[in-house]
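>>> Quick one, fold the following:
(3 chains)
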Amino acid sequence: MSDMSYMYLGWGVPLVTLAVYSASLVVRGRALSRKVPAERRRWTS
Amino acid sequence: MTTPQAISASHPAGVRAPNGTGSSVSRVLGVVALAAMGLLVWLAFVASPRDAIQGDLVRLLFLHPALAWTAYLACFIATAASIQHLRKGTVGSDILAHSAVELGAVMTLLTLVTGSVWGRPTWGVWWVWDARLTSTAMLFLLLLGYLALHRIDAAPEVRSKRSAVLGVLLVPNVLLVHQSVEWWRTLHQDATLLDRQFDFGTSDLFMFTMIFGFVAVTLVFSWLLLHRFRVGWLEHQVESEWLDEAIEARRAEAHAESHDGTPTTGGVAR
Amino acid sequence: MLRDARLIAAKDLRIELRSKVTASQILPFALLVLMLFAFALDPDSQALERATPGLFWVAVLFVTVLAVERSFSLEGGDGVRDALRLAGLEPGGVFLGKFAALVVQLLVVEVVLLLGVLLLYSRDLAGVGLLAATMLAATAGIGAAGTLYGVLAAGLRVRETLLPFLLLPVLAPVLIAATRAFESALDGVPSDGWPWFNLLAVFALVYIGIGILTFGSLLEES
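I've put the predicted structure just below:
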């Protein structure tokens, strides 16, 4: 493998992982929001 | 129990709770973080030249140290929140500590992966018993331990209190492990392998990209922490609501039994 | 606080004297581990001899997990924890008491283990001062961390699997430092070992301190 392919691997894994993790947080947040009454999920900021 | 209709009726039209963990602040933060990461990728792959010593491998150094920094930042946040939890017993501090540890575990894993990917072409192997690599791996295990403890099947207060004690120990543990591993390895070799492999070239662009990497990754970290905290908060709401309901149901049952006239032997004790 | 500590320590040691769990189960187990190491490493190649300090301390860590589990199963019965709390004992004292009883038992096992490695792995005794100091400091650290993590895992359904996973990474510095100190003691260069002793002492002090401070909130909870 060339050095550049290691770089694509080294950047790709973190970026994909963080993207998947972010997406999972948003999805989990949406799903949980449906179960919680509105007055208990007003974010102060 | 208030029905959803009652809630929506009790609030004036126009004031609507968000349908998820987003808010105006977090949306702005998210856009900024995303833009910063895009710019960082451009800086790392297009703008900066190959390094004289490292060649293309230098491009990973714009990301790897920043990931490691957020992992340590997460540990400090977790310990601070845990101390707060032991002192005040607030729910939020437990959720914050748990969120920080989970995020810290992700960041530590990514630090290990990027370090390993960088090490393969540099050292010829995926893993060496370098002081920093080893102590990062130990940090990952410590964080997994916290997450395992936080997942136990126990009363919420018991769980958060025990997790908080573990959270308080996190930073001392990290320091002790780090110190011992550092000594352990430096007895066998002169310096850590990382130090000798590149010199911070005098290039301003290199330094700027390096620092910008820290900024961009910290922004992403903040966004993730904010959302992870809110998910934890919602989970707590669902959990406590379920408990409230269960207690309510049990009370109604007991009430009905006591009015039944039938003797209540066993089962209703306490 | 010290009076409470003495009470608790005396209680745990008395239970051990009567039940002899450490003497009849944990100690033989430690010797068994020494035999297993010999099976795993070829005894003729001097691998055992070179690895003696590390193998000794790995065996001690295994023993620690068992001893801590045993120590907190004493309070595992219905309501014993509550009784302990209601008895008006100071939490710091309870911590020190459990800690002292654990340290005494571990030290006994370690002395037997040391005789075991000297005999079975044919090492000569050297640097006795450093050996003794290392053993005391390391055992204090192991005992304090073990007591603290033991109570964290106590009473949970998953305690047997959770405790080693929580405790062993934390004891990694002790394993490293105690092994290096033993190495220099047995190789006859004790001066190299004293910095490691200092690390062990710091570890022990940190854990004793945090233990005394946080034990209260852990006892209160359940």
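>>> going forward, measure contacts between C-alpha atoms and count neighbours the same way
Noted.
>>> Up against chain A, what does chain B have?
By C-alpha under 8 Å from any C-alpha of the partner chain, the residues of chain B that approach chain A are B:4, B:7-8, B:16-26, B:56-57, B:59-60, B:63, B:110, B:113-114, B:117-118, B:121, B:224, B:227-228, B:230-231, B:234-235, B:237-238.
>>> Could I get the average pLDDT for the helix or strand hosting B:A81?
Per DSSP states H and E: B:A81 is located in helix B:64-88. Across helix B:64-88, the average pLDDT comes to 93.
>>> Could you give me the buried positions within the one helix or strand B:T108 maps to?
Assigned by DSSP H and E, B:T108 belongs to helix B:91-123. For helix B:91-123, a neighbour-count test (16 or more other C-alpha atoms under 10 Å in any protein chain shown) marks B:92-119, B:122 as buried.
>>> Now do that helix against helix B:64-88, angle only.
With axes from the mean of the first three to the mean of the last three C-alpha atoms, to 10 degrees applied, the angle from helix B:91-123 to helix B:64-88 works out at 160 degrees.
>>> remind me which residues of chain B are low pLDDT?
B:1-18, B:52, B:187-203, B:259-270 (pLDDT under 70).
>>> Residues of it that sit close to chain C?
Looking at chain C, the residues of chain B close enough under C-alpha under 8 Å from any C-alpha are B:86, B:138, B:141-142, B:145-146, B:148-149, B:152-154, B:157-158, B:161-162, B:165, B:169, B:172-173, B:176-177, B:180-181, B:184.
>>> Report the helix or strand with the lowest average pLDDT across chain C.
helix C:80-86 (a mean of 70; mean pLDDT, DSSP states H and E).
>>> which helices and strands sit right next to that one?
helix C:194-221 (3 or more C-alpha pairs under 8 Å, 6 or more residues apart in numbering or on different chains; DSSP states H and E).
>>> and the residue of the stretch 51-200 of chain B found nearest chain A, what is it in contact with?
Taking C-alpha to the nearest C-alpha, chain A has its nearest neighbour within the stretch 51-200 of chain B at B:T114, 5.1 Å off. Contact partners of B:T114, counting by C-alpha atoms under 8 Å, 6 or more residues apart in numbering or on different chains, are A:G10, A:W11, A:P14, B:L60, B:H64.
>>> can you list those in a markdown table and add secondary structure and neighbour count?
Converted to a markdown table, the contacts of B:T114 look like this (DSSP: H, G, I helix; E, B strand; the rest coil; neighbours: other C-alpha atoms under 10 Å in any protein chain shown):
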| residue | secondary structure | neighbour count |
| --- | --- | --- |
| A:G10 | helix | 25 |
| A:W11 | helix | 21 |
| A:P14 | helix | 21 |
| B:L60 | helix | 21 |
| B:H64 | helix | 25 |
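>>> wait, which of those is closest to chain C?
B:H64 (23.9 Å).
>>> show me what contacts the closest one?
B:T111, B:T114, B:G115.
>>> Extract the residue ranges of chain A that are flagged as low pLDDT.
Counting by pLDDT under 70, the ranges of chain A that qualify are A:1, A:44-45.
>>> ok, back up a step: and the angle for the helix or strand that the least confident helix or strand of chain C is followed by with helix C:194-221?
Using DSSP H and E, the helix or strand that follows helix C:80-86 in sequence is helix C:91-120. For helix C:91-120 against helix C:194-221, the angle by the same axes, to 10 degrees is 140 degrees.
>>> any idea of the mean pLDDT in the helix or strand immediately after helix C:91-120 in the chain?
As assigned by DSSP H and E, the chain's next helix or strand after helix C:91-120 is helix C:128-153. If you average the pLDDT over helix C:128-153, you get 92.
>>> Any part of the next helix or strand after helix C:128-153 near chain B?
Proceeding C-terminally, helix C:128-153 gives way to helix C:159-170 as the next helix or strand, assigned by DSSP H and E. Yes - judged by C-alpha under 8 Å from any C-alpha, helix C:159-170 comes into contact with chain B through C:L162, C:F165, C:L166, C:P169, C:V170.
>>> leaving aside the residues next to it on the chain, what's closest to the third one?
With sequence-adjacent residues excluded and distances taken as C-alpha to C-alpha, 6 or more residues apart in numbering or on different chains, C:L166 is closest to B:G145, at 5.3 Å.
>>> neighbouring contacts of the helix or strand where the one you found lies?
B:G145 is located in helix B:131-150, with elements delineated by DSSP H and E. The contact list for helix B:131-150, computed with C-alpha under 8 Å, 6+ apart, reads B:98, B:101-102, B:104-105, B:108-109, B:111-112, B:115, B:159-160, B:162-163, B:166-167, B:170, B:174, B:177-178, B:181-182, B:184-186, B:192, C:162, C:165-166, C:169-170.
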